[in-house]
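Asks: Any chance you could fold what I've pasted below:
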Amino acid sequence: MRVEVIRAWPRRFESTVLNLPRGATVRDALALADALNHDAGSLAVYGERVGLGHALADGDRIELLRPLLADPKDARRRRAKG
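Replies: As a prediction, the model looks like this:
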């Protein structure tokens, strides 16, 4: 099955397409993509947070999410005070 691993930064992104056997997990995909020790805050498949044991389906896109640098509520308050 075909799976894509996406890493994104503010001005660029990296996409790796993998061919995995049926029944593969997020952990398997990250190991093959050499991203198992990533510095991401969390993982998602099409925007839904998942764990390393999540079973993948053909066509899934794994997103390595960066940790937040600022609390979204605090940032919104600062912009509103303006």
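Asks: Helices of the chain, residue ranges please.
Replies: According to DSSP state H, the chain carries its helices in the segments 26-32, 72-81.
Asks: tell me which helix or strand of the protein sits lowest on mean pLDDT?
Replies: Using mean pLDDT, DSSP states H and E, helix 72-81 stands out as the lowest-scoring helix or strand of the chain, at a mean of 83.
Asks: Pull out the buried residues from that one.
Replies: Counting neighbours by 16 or more other CB atoms under 10 Å, one finds that helix 72-81 has no buried residues. Heads up, the C-betas are built off the backbone N, CA and C, glycines and all.
Asks: quick one: low-confidence parts of the chain?
Replies: Along the chain, the parts satisfying pLDDT under 70 run over 36-40, 68.
Asks: Quick one: the strands in it, in order.
Replies: Under the criterion DSSP state E, strands of the chain are mapped to 2-9, 12-19, 42-45, 48-50, 61-65.
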